[in-house]
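1. Coordinates for the following, if possible.
(chains A and B)
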Protein chains: 2
Amino acid sequence: MYSKKIEEFFRKSDISVGDRIAVSSVKGEFEGLLMPRVEGEQDVLVIKLDNGYNIGIGFGDSKIKLIEKMKARKAPPKQEKTDGEVAILGCGGTIASKIEYRTGAVYPAITPEELRMTFPDIGKIAGIRSKSLFSLFSEDMNAEHWKIVADAVADEIKDGVEGAVVMHGTDTMGYTAAALSFMLQNLPIPVVLVGAQRSSDRPSSENEMNMLNAVYCAKKDIGEVGVCMHAGINDDFCHLHRGTRVRKMHSSRRDAFRSINSPPIAVVDWMHGRFEALTEYKKRSPAGSLQAKTKINDNVAMVYVHPNIKTKLIESLSGYDGVVLVGTGLGHAPSNPFNDKRVHSVLPAIKGLVDSGIPVVMSSQTISGRLCMRVYTTGRLLMEAGVIGDGADWLPETAYAKLCWVLGQTKDAKKAKELMMTNLAGEISGRSPMMEEY
Amino acid sequence: MYSKKIEEFFRKSDISVGDRIAVSSVKGEFEGLLMPRVEGEQDVLVIKLDNGYNIGIGFGDSKIKLIEKMKARKAPPKQEKTDGEVAILGCGGTIASKIEYRTGAVYPAITPEELRMTFPDIGKIAGIRSKSLFSLFSEDMNAEHWKIVADAVADEIKDGVEGAVVMHGTDTMGYTAAALSFMLQNLPIPVVLVGAQRSSDRPSSENEMNMLNAVYCAKKDIGEVGVCMHAGINDDFCHLHRGTRVRKMHSSRRDAFRSINSPPIAVVDWMHGRFEALTEYKKRSPAGSLQAKTKINDNVAMVYVHPNIKTKLIESLSGYDGVVLVGTGLGHAPSNPFNDKRVHSVLPAIKGLVDSGIPVVMSSQTISGRLCMRVYTTGRLLMEAGVIGDGADWLPETAYAKLCWVLGQTKDAKKAKELMMTNLAGEISGRSPMMEEY
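-> Numbering: from 1, shown residues only, chains lettered A, B, ... in the order given. Prediction:
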């Protein structure tokens, strides 16, 4: 919020957040969009410059002139499709809304009318209903939010929607997609997460393409959780990724999302009616068969194994209900099988956690490839200590979301281990002929 | 070690570790190589089966027959090249030696003769000298080992070698390569790390090709630390990667090593005399100009940011001298700028570390792409809290090795920040025209 003094000035000058203004100050002359003040000094104006950066300018020093009002809204395009509706659920993120994102507003409303205005072709693909669950940067989301999304999808399924699209920030979209994959079993509809890497005031039409393709996927005969995102840096098609197999692999590129250790489910291009499967996928389960197992345990740590990792760091995890190690190579952590005096083994500390009943799950920082803890002594020692994961080809993030979910289902360590090592949603695949041997 | 009883039986039967034996036991009939017993039950024979797996068989139950002695060693091929020598330094790992790895022996000797026997063409490329520094799985290595390697390379340089090759396990080769890049400045020779993903008793000639190309690189006019590994799944060429840019991106593939956010330095194929630069690189510094700054601080933590990450985990880092966060997206961690009651911010805990004088450095779990913490509120809040890294495109592992090194050079937080943000060894690049905007 801006100070009362500024708000008063805005009211008198007919300036609102989102309007284009010119500011003359001791700092110089600036022109850009007036942003809301969500943090910090209330007497400092925040202007989004045309280069995309925000600048703060003290109000006291400044002369402010209105350049252009935020455009008045046109009437949204009409709904054309009137068969089964697709539910669009908002969690925030760049995809959410043109104007609102542009100005940085926090809780974009997403009425069906606003969605049709932002994505004019949406009504050609599906009838839509919509709901904003919350609006957060996805890095702020946690297991509580995963549960809100899962419960909301379950409610929409009860209401008979044909598909669900979840608008989501990109940073942790992979984690949420994996979590939903375990929480929502026997899905009678597709659940498609969608985001955008780039704000929609940029020339690229990325978010529109992602959104329309996501809605298109949500009408298909799919009974899985997927992520629909740009497949290349051109605006030609999207990939639908399996929720347990997808990872953000670049901080800024539009084609940042990649399927790992598995092909994407499909190539998707709504405009040309393309939905080309690249691998097998689950079809819709019969209506009424949904199993919403949304209990989840957030008291799970994820630990990156690295040179110099300290025993005390592992020991400090004794208060958690589960631990995912992001190990090296085939699933390793310093174990010192040869008793070299310079090596600091974390094996006893890991064994200590396991022995105290805390499931410890392995994954690999190589991202790609399969764990194989039988090849080298290190892996065998970790397995003997009770570390779970040998043979799995899951992503670290998927292993993490799965362990949170498993520990929401059971407190029994043996049962937890069984569940972890059972493929539930495509997160563990059989060895493929493509797989090279060790 | 095996029990005295078994050793005695071996002696009488002329069986040694490495021999091929047949074992008939209650478990069935097995044939394979006798492995050494490095751990566990001393009365259990360990046999490496032809499928690559080890099996343990109780000695008491078994009938044991010698099938084939480990082949007697032929005389090694002669040294052909007699100009400047390449120093080959052994740290262990799969690359080290054929027979020794095959049997799992722990400290492969690497005399020049043995190297020429294992890699018969090596003498055509360079005169070699060699030294085993230690022999470890690389996941067991830490900053102390980095220093041993750096000091050994510095000694070899003083002795006037033409180049250095470091035989190294693959799991943490990227970390070591990055650390050496900072520790050894103004290099008058190339320092080339090399490893193998597959044991050399497999049909693939990977380790031989990697090794020969590494030695070939070590004779070039290069003044950098590099990693020379397979570039594809065929045996056609290697890539020489910059030490600060390389990462193991697959748990088992031979072409697991990739340059990130940068092209490899060169395509390398010694057999056809190919050394094709793919980017600019430093040439050899003049003799005598080496700056070996090998002091390093191992009291640095690396923390993976994830949903549900706890404040207490960050707070527990107060005993470290530095922290590297592996954040989400453009460099984020839960910061709750919108004060959503369900969000658990780690921002105050991060600020607490910074305020107590501990440098906190950002990196991204997307692996690829650049940090840009100015785009979203989360990043700006982290920057305001003092988190270092905005604009850097370093790997998490490189940021980690660099912070260990920086904190070995200075205890001053401001100086540490300056050093971190200064490109020292290609770990931070300028924005390229290829870089997409946010």
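
2. Return the helix or strand in chain A with minimum mean pLDDT.
-> Confidence across the helices and strands of chain A bottoms out at helix A:98-103, with a mean of 40, counting by mean pLDDT, DSSP states H and E.

3. Past it, which element shows up next along the chain?
-> Following helix A:98-103 in sequence order, the next helix or strand is helix A:112-118 (DSSP states H and E).

4. Report all helices and strands that that next one contacts.
-> Of the remaining helices and strands, those touching helix A:112-118 by 3 or more CB pairs under 8 Å, 6 or more residues apart in numbering or on different chains; DSSP states H and E are helix A:122-125, strand A:127-132. Heads up, the C-betas are built off the backbone N, CA and C, glycines and all.

5. Give me whichever of these is most buried.
-> The densest packing among the helices and strands packed on helix A:112-118, expressed as mean neighbour count by mean count of other CB atoms under 10 Å in any protein chain shown, is seen in helix A:122-125 with a mean of 22.

6. Run the angle between the biggest helix by length in chain A and strand A:127-132 for me.
-> The residue-count maximum for a helix in chain A (DSSP state H) belongs to helix A:143-158. Taking axes from the mean of the first three to the mean of the last three CA atoms, to 10 degrees, one finds that helix A:143-158 is oriented at 150 degrees with respect to strand A:127-132.

7. Could you confirm whether helix A:143-158 reaches chain B?
-> Yes: Helix A:143-158 reaches chain B (CB under 8 Å from any CB of the partner chain) through A:143-146.

8. avg pLDDT for that helix?
-> Across helix A:143-158, pLDDT averages out at 98.

9. helix or strand right after that helix?
-> Past helix A:143-158, heading to the C-terminal end, the next element that is a helix or strand (DSSP H and E) is strand A:163-167.

10. Quick check: which ranges of chain A have low pLDDT?
-> A:37-40, A:51-54, A:70-76, A:82, A:94, A:96-109, A:199-205, A:431-438 (pLDDT under 70).

11. which residue of chain A sits farthest from its center?
-> residue A:341 (43.1 Å; CA atoms, centre = their mean).

12. show me the residues around the residue in the stretch 201-350 of chain A positioned nearest to chain B that make contact.
-> Taking CB to the nearest CB as the measure, the stretch 201-350 of chain A has residue A:251 as its residue closest to chain B, at 3.0 Å. Taking CB atoms under 8 Å, 6 or more residues apart in numbering or on different chains as the contact definition, residue A:251 lies against B:329-331, B:364, B:366, B:368-372.

13. Among those, name the ones in helices.
-> Using DSSP H, no member of the contacts of residue A:251 falls in helices.

14. Could you pull out the helices in chain A for me?
-> Taking DSSP H as the criterion, chain A carries its helices at A:4-13, A:98-103, A:112-118, A:122-125, A:143-158, A:173-183, A:206-217, A:311-315, A:347-355, A:377-384, A:396-409, A:413-421.

15. For the first one, buried residues please.
-> Of the residues in helix A:4-13, those buried under the neighbour-count criterion (16 or more other CB atoms under 10 Å in any protein chain shown) are A:6, A:10.

16. Show me the contact partners of it.
-> Applying CB under 8 Å, 6+ apart, the contact partners of helix A:4-13 are A:1-2, A:15-16, A:42-43, A:45, A:59, A:64, A:66.

17. I would like a ChimeraX command selecting only the buried ones among those residues, please.
-> Listed next is the ChimeraX selection for buried residues among these, using 16+ other CB under 10 Å:
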select /A:2,15,45,59,64
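
18. any chance of the contacts of helix A:4-13 in a markdown table, with distance to chain B too?
-> Listed next are the contacts of helix A:4-13 as a markdown table, based on distance: CB to the nearest CB, whole Å:
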| residue | distance to chain B |
| --- | --- |
| A:1 | 12 |
| A:2 | 16 |
| A:15 | 22 |
| A:16 | 20 |
| A:42 | 15 |
| A:43 | 17 |
| A:45 | 16 |
| A:59 | 20 |
| A:64 | 23 |
| A:66 | 25 |
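
19. Could you export the contacts of helix A:4-13 to a markdown table, including columns for distance to residue A:398?
-> As requested, those are exported to a markdown table (distance: CB to CB, whole Å):
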| residue | distance to residue A:398 |
| --- | --- |
| A:1 | 40 |
| A:2 | 43 |
| A:15 | 47 |
| A:16 | 44 |
| A:42 | 43 |
| A:43 | 46 |
| A:45 | 44 |
| A:59 | 48 |
| A:64 | 50 |
| A:66 | 50 |
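
20. and the contacts of helix A:4-13, which of them are in strands?
-> Judged by DSSP state E, strands contain the following of the contacts of helix A:4-13: A:45, A:64, A:66.

21. can you put those residues in TSV and add distance to residue B:164?
-> As requested, those are arranged in TSV below (distance: CB to CB, whole Å):
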residue	distance to residue B:164
A:45	58
A:64	64
A:66	67
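
22. between the residues you listed, which is closest to residue A:280?
-> Taking CB to CB as the measure, residue A:280 lies nearest residue A:45 of the ones in strands among the contacts of helix A:4-13, at 55.0 Å.

23. Could you verify my assumption that that closest one touches residue A:23?
-> Yes: because the distance of 6.5 Å satisfies CB atoms under 8 Å, residue A:45 is recorded as touching residue A:23.

24. Leaving out chain neighbours, which residue sits closest to residue A:222?
-> Using CB to CB, 6 or more residues apart in numbering or on different chains and skipping the chain neighbours, the partner closest in space to residue A:222 is residue A:190 (3.9 Å).

25. Check residue A:277 too.
-> residue A:266 (4.9 Å).

26. so that neighbour makes contact with residue A:240?
-> Yes: with the criterion set as CB under 8 Å, residue A:266 and residue A:240 qualify as a contacting pair; they are 4.7 Å apart.

27. which one of these two has more residues nearby?
-> Under the criterion of other CB atoms under 10 Å in any protein chain shown, the comparison of residue A:266 against residue A:240 puts residue A:240 first, with 31 against 24.

28. partner residues bridging the more buried one?
-> Here residue A:240 sits in beta bridges with residue A:228, residue A:266, as judged by DSSP bridges.

29. give the contact list for residue A:372.
-> A:330-331, A:379, A:390-391, A:438, B:251-252.

30. now the residue of the stretch 301-438 of chain A found nearest chain B, nearest residue through space, not along the chain?
-> Going by CB to the nearest CB, chain B is nearest to residue A:369 of the stretch 301-438 of chain A, at 3.0 Å. The shortest distance from residue A:369 to any residue other than its chain neighbours is 3.0 Å, reached at residue B:251 (CB to CB, 6+ apart).

31. Ok, residue A:146 next?
-> Counting by CB to CB, 6+ apart, residue A:146 lies nearest to residue A:179, which is 4.2 Å off, once chain neighbours are set aside.

32. quick one: that neighbour and residue A:403 touch, right?
-> No: Residue A:179 lies out of contact with residue A:403 (CB under 8 Å); the separation is 10.5 Å.

33. about what we covered before: closest to residue A:257 among the contacts of residue A:372?
-> Here the nearest of those to residue A:257, counting by CB to CB, is residue B:251; it sits at 21.2 Å.

34. ok, the closest one to residue B:261 distance?
-> Per CB to CB, to the nearest Å, residue B:251 is found 21 Å from residue B:261.

35. Can you report how many residues lie near residue A:409?
-> Count around residue A:409 with other CB under 10 Å applied: 15.

36. Next one: it from residue A:426, what distance?
-> Going from residue A:409 to residue A:426 by CB to CB gives 18 Å.

37. Go ahead and confirm residue A:27 touches residue A:47.
-> No: counting by CB under 8 Å, residue A:27 sits too far from residue A:47 to count as a contact (10.5 Å).

38. okay, these two: which has more neighbours?
-> With neighbours defined as other CB under 10 Å, residue A:27 and residue A:47 compare such that residue A:47 has more, 20 against 13.

39. Could you pull up the residues touching the more buried one?
-> Applying CB under 8 Å, 6+ apart, the residues contacting residue A:47 are A:21, A:23, A:30-35, A:54-57.

40. okay, those residues in CSV with distance to residue A:174 and neighbour count next?
-> What follows is those, written out as CSV (distance: CB to CB, whole Å; neighbours: other CB atoms under 10 Å in any protein chain shown):
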residue, distance to residue A:174, neighbour count
A:21, 39, 20
A:23, 40, 22
A:30, 38, 17
A:31, 38, 15
A:32, 33, 21
A:33, 31, 23
A:34, 35, 24
A:35, 29, 19
A:54, 28, 16
A:55, 33, 18
A:56, 33, 14
A:57, 38, 19
